[in-house]
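**Student:** got a sequence here, can you build the structure:
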Amino acid sequence: MPDGSMTSADNAKAREAREKAYSTPLDQFHPADAELFRSDTLWPWFERLRAEDPVHYTAESEFGPYWSVTKGRDIIAVDSNHGVFSSDSELGGIAINDGTQPREQASFISLDPPMHDEQRRVVAPMFSTASMAGLEPVIRERAGKILDELPRGETFDFVDKVAVELTSQMLATLFDYPFEDRRKLPRCSDLILASPELGGIVESEEARQVELFQILTPFIGMWDERLASAPRNDLLSMLAHGASTYRKEPESYLGNVILLIVAGSDTTRHSITGGLLALNQNPDEYAKLRANPGLIESMVPEIIRYQSPVAHMRRTALADAELGGKQIKKGEKVVMWYVSGNRDSDTIDNPDAFIIDRERPRQHVGFGFGIHRCVGNRLAEMQLRVMWEEILARFPMIEVVGEPRRMNSNFVKGYEAMPVRIPV
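**Tutor:** Reported below is the predicted structural model:
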């Protein structure tokens, strides 16, 4: 791994995945199989769909029947047409596994206009240009402290020591959450996204609910405290005092709290890890970066494209519609595979290559498109930029010394652990 070359085992796994993808009949394709993401063998399946059946129907799966939209232009067409393709929580929400709940309890990402727009506007000021300018010195100081405390010459987990720690500190700042309890916030995100039946971080649905209750209960007291005091510049206060987001009952306001925890954790933390992995797998790009740190500016959006930390978003058809020559019926589930759209050669030159000085690096769908485009995209990019500026100021190299352990998820394409070493 340190020299960036694929091992014979890696090559064998890639060959086997490709052979299986191209020998499986298209009507048996199930690209939402989480094992494809855990094993990092998803690529030939989506490659074949883009080439042969870019709007594909899976008739049977553990998630029920669903359409897969795999090319960039079709993804944009769906993502920008909320009049036909709905995020409504009462129709199933935004993930392939149905998350049906009353609109009054849903987060704004699972709402359509006008409710979505009204609630999103409440938190948007936190992610403005002026707010980012104020947050950057805080992030830089914290990133530097995290990096200065890393061991030299010994193996450690980059996900735990760097990616999770940076994002947990940032989340604690955004929510004005007790700093000593900050690790509970990314843990909350993991629990929300965990699937007990797939194994992993929780043993059962009951265990997940118990731990989530323990983590989220303190937010009730914090909400009441924010309501009783003058508005201030943290996300919880913004939500509590927002005309469209104020709710009296916890089950009606915790949805937006959870959304902001998950969104604030996952894009950044998995892109930090995925970026380091990509640089190790592409040593010429790593050398190019060391020779010219100014390339961080274009490398950051390239990392997000290449990693695609949010693998998919789901919509539900509000009416019969045609897409890519296929007839989608009212009520059917439509899954936009961002992870596939970001490897579409019709919209991105040489998309399977990691190129840190790519000419148009922001030409990707990693943040979504249209009204649901990630509200915190500037913050995610700024955290990545600052972290890499601080890394290059300290270490000529951080070596990945073993295979990362990937999440068993078809929704977030991320990492549970990755062993690394900083040479002495």
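
**Student:** look up phi and psi at the nearest residue to G242 once chain neighbours are set aside.
**Tutor:** Leaving aside its sequence neighbours, G242 sits nearest to V122 (Cβ to Cβ, 6 or more residues apart in numbering; 3.5 Å). For every residue, glycine as well, the C-beta is placed using N, CA and C. Note on V122: its backbone torsions stand at phi -60, psi -40 [degrees, to the nearest 10].

**Student:** my read: V122 touches A240, true?
**Tutor:** No. V122 is beyond contact range of A240, at 9.8 Å (criterion: Cβ atoms under 8 Å).

**Student:** I'd assumed R343 was in contact with E47.
**Tutor:** Yes. If you go by Cβ under 8 Å, E47 and R343 touch, sitting 7.4 Å apart.

**Student:** looking at the two, which is more packed in?
**Tutor:** R343 (24 against 19; other Cβ atoms under 10 Å).

**Student:** so what pLDDT did that one get?
**Tutor:** For R343, the pLDDT comes out at 97.

**Student:** how much space between P186 and A172?
**Tutor:** Counting by Cβ to Cβ, to the nearest Å, the gap from P186 to A172 is 10 Å.

**Student:** so the two - more neighbours on which side?
**Tutor:** Per other Cβ under 10 Å, whichever of P186 and A172 has more neighbours is P186, with 21 against 18.

**Student:** strands of the stretch 301-424 of the chain, residue ranges please.
**Tutor:** Here the stretch 301-424 of the chain has its strands, by DSSP state E, counting those that start in this stretch, at 312-317, 321-323, 326-328, 333-337, 399-400, 405-406, 415-417, 419-421.

**Student:** now do the stretch 101-250 of the chain
**Tutor:** For the stretch 101-250 of the chain, the strands defined by DSSP E, counting those that start in this stretch occupy 155-157.

**Student:** pLDDT below threshold where in it?
**Tutor:** Low-confidence segments of the stretch 101-250 of the chain (pLDDT under 70): 194-200.

**Student:** would you mind pulling the contact partners of stretch 59-71?
**Tutor:** Where contact means Cβ atoms under 8 Å, 6 or more residues apart in numbering, the residues beyond stretch 59-71 that reach it are 27, 29-33, 46, 49-50, 54-58, 75, 78, 96-98, 314, 323-324, 326, 328, 332-337, 340-341, 344, 346-347.

**Student:** just the buried ones out of these, please.
**Tutor:** Listed as buried from these are 29-33, 46, 49-50, 54-58, 75, 78, 96, 314, 323-324, 328, 332-337, 340-341, 344, 347; burial here means 16 or more other Cβ atoms under 10 Å.

**Student:** leaving out sequence neighbours, find the closest residue to I272.
**Tutor:** Residue nearest to I272 in three dimensions, not counting chain neighbours: A163, with 4.4 Å by Cβ to Cβ, 6+ apart.

**Student:** tally of neighbours for the one you found?
**Tutor:** For A163, the neighbour count with other Cβ under 10 Å is 27.

**Student:** that one contacts G274, doesn't it?
**Tutor:** No. Using Cβ under 8 Å, A163 is not in contact with G274, being 9.3 Å away.

**Student:** common neighbours of these two, please.
**Tutor:** Common neighbours of A163 and G274, using Cβ under 8 Å, 6+ apart, are Y415.

**Student:** stretch 9-18: which residues count as buried?
**Tutor:** Of all the residues in stretch 9-18, those buried under the rule 16+ other Cβ under 10 Å are 17-18.

**Student:** now swap in stretch 356-368 and tell me
**Tutor:** Across stretch 356-368, burial judged by 16+ other Cβ under 10 Å covers 356, 358, 361, 364-368.

**Student:** how long is that stretch end to end?
**Tutor:** This stretch, stretch 356-368, spans 21 Å end to end (Cα to Cα, to the nearest Å).

**Student:** how much space between G264 and V375?
**Tutor:** In this view, G264 and V375 are 10 Å apart by Cβ to Cβ.
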